[in-house]
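1. Task: produce atomic coordinates for the following.
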Amino acid sequence: QLVESGGGLVQPGGSLRLSCAVSGFTLDVWTIGWFRQAPGKEREGVSCITSSMSDSKTYYTDSVKGRFAISKDDLNNMVYLQMNSLKPEDTAVYYCAAGRIASLADIPYDYWGQGTQVTVSS
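-> A predicted model of the protein is given here:
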């Protein structure tokens with residue numbers, strides 16, 4: 001099970017930290033990805049962090065590089081997405097997902113959370 005939290009309404013330039021509580025998976029083995037879907041648009045991969053066995057490598061889509069940071073707490077089975085310098089185009093429902101390989105495509109991910117809404121607006 002994956003449960004996202006931390007979404008909300010924020011002004012442009014602001015920050016939010018999303019959390020993904022993971023149960024039934026061990027972060028030693030699974031890659032966790034963050035995806036987002038804006039109204040009328042396809043789901044987009046935002047970031048992912050590989051398993052601890054794969055050295056917890058991080059990946060980002062170009063549009064968020066330098067603004068977003070993914071991290072995890074293996075002990076507490078939590079994955080975070082720190083989002084800074086938010087823009088209106090970051091508005092979307094954000095999902096976390098568990099998969100076996102590092103990818104910003106959604107196909108390799110087997111399990112998904114229910115999503116949390118992020119709205120960036122003045």
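
2. what comes up buried for the lowest-mean-pLDDT helix or strand in the chain?
-> Here the helix or strand of the chain ranked lowest by mean pLDDT, DSSP states H and E is strand 109-112, holding a mean of 94. Applying a neighbour-count criterion of 16 or more other Cβ atoms under 10 Å, one finds 109, 112 buried in strand 109-112. (Each C-beta comes from the backbone N, C-alpha and C, glycine too.)

3. Partner strands of that strand and their direction?
-> Take DSSP bridges as the rule and strand 109-112 pairs in its sheet with strand 92-99 (antiparallel).

4. Centre of the chain to the strand it pairs with, how far?
-> 5 Å (Cα atoms, centre = their mean, to the nearest Å).

5. what does stretch 87-105 give?
-> 5 Å.

6. repeat for stretch 66-81
-> 8 Å.

7. Distance across it, terminal residue to terminal residue?
-> 13 Å (Cα to Cα, to the nearest Å).

8. For that stretch, list every residue counted as buried.
-> So for stretch 66-81, counting by 16+ other Cβ under 10 Å, buried means 68-70, 72, 77, 79-81.

9. and the residue most central in space within the chain, bridged to which residues?
-> For the chain, the residue nearest the mean C-alpha position is residue 34 (2.4 Å; Cα atoms, centre = their mean). Judged by DSSP bridges, the bridge partners of residue 34 are residue 47, residue 96.

10. Strands along the protein, start to end?
-> Using DSSP state E, the strands of the chain run over 2-5, 8-10, 16-22, 31-37, 44-49, 58-60, 68-73, 78-83, 92-99, 109-112, 116-120.

11. so the residue nearest to the centre of the chain touches residue 43, yeah?
-> No - with contact defined as Cβ atoms under 8 Å, residue 34 does not reach residue 43; the gap is 11.0 Å.

12. Pull up the overlap in contacts between those two.
-> Counting by Cβ atoms under 8 Å, 6 or more residues apart in numbering, the contacts common to residue 34 and residue 43 are residue 95.

13. Could you report the neighbour count for residue 13?
-> 11 (other Cβ atoms under 10 Å).

14. Surely it touches residue 88?
-> No - between residue 13 and residue 88 there is no contact under Cβ under 8 Å: 10.5 Å.
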